[in-house]
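Engineer: I'll drop the sequence and a predicted model, then ask my questions.
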Amino acid sequence: MTLFGTSIKAQTLEPKTSLYDIKISDINDKSIDLKDYKGKKILFVNVASKCGFTNQYKGLQELYDKHKDNLMIIGVPCNQFGGQEPGTASEIESFCELNYGVTFLITEKVEVKGENQHALYKWLTQRGLNGKSNSTVKWNFQKYLVDEEGRLVDYFYSMTKPNSKKITKYI
């Protein structure tokens, strides 16, 4: 769009808070330092073991295997959608390893929406924090892509497969 000969683009702001300062633990309750992934893209995905989209674990692992030099995938278990992630940490970890050979990072189980929304998902879903866009997590396997400098690139609903060109065009 031009106005008086000047191009106007949707404004993207620098994030108000750094993604890299957010605290979250892995599935074994060990603290994750997101700064360790600076310089790589990060794909955050809220995951569940008993969902119609659970087979996306396979595509996520394939994407990770293909691009792990410049991409980290972080699965974030959540039980807020149809009670589809009821397992304990050890059950979730075993399920991911045995059924899908998951080697990418899996976090502790968190809430991705509502009153107890984890700080990571507050950042991912609030333009005031991420500088890019507002969103709501609609269902399991919604994906959020962050660039090498910790800026939100885009988000993708559950129907978007991990190897979709909508995602891979950014990697």
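Structural biologist: Cool, got the structure.
Engineer: and the host helix or strand of L124, what other elements does it pack with?
Structural biologist: L124 belongs to helix 119-125 when assigned by DSSP states H and E. In terms of contacts (3 or more Cβ pairs under 8 Å, 6 or more residues apart in numbering; DSSP states H and E), helix 119-125 is packed against strand 41-47, helix 127-130. Just so you know, the C-beta spots here come from the backbone N, C-alpha and C atoms, and that holds for glycine as well.
Engineer: I figured W139 hits Y157, correct?
Structural biologist: Yes. Using Cβ atoms under 8 Å, W139 is in contact with Y157, at 7.5 Å.
Engineer: from the middle of its chain, how far away would stretch 50-60 be?
Structural biologist: When distances are taken as Cα atoms, centre = their mean, to the nearest Å, stretch 50-60 is centred 14 Å away from the chain's centroid.
Engineer: which parts of that stretch are buried?
Structural biologist: C51, F53, T54, Q56, Y57, K58, G59, L60 (16 or more other Cβ atoms under 10 Å).
Engineer: try stretch 123-141
Structural biologist: 123-126, 129-132, 135, 137, 139-141.
Engineer: end to end, how far does it reach?
Structural biologist: 17 Å (Cα to Cα, to the nearest Å).
Engineer: who's the residue most central in space within the chain bridged to?
Structural biologist: Taking Cα atoms, centre = their mean, the centroid of the chain lies closest to F44, which sits 1.3 Å from it. Per DSSP bridges, the residues bridged to F44 are I74, Y144.
Engineer: residue contacts, it?
Structural biologist: Counting by Cβ atoms under 8 Å, 6 or more residues apart in numbering, F44 makes contact with I74, V76, L120, L124, K143, Y144, L145, V146.
Engineer: low-confidence ranges in this structure?
Structural biologist: 1-13, 15 (pLDDT under 70).
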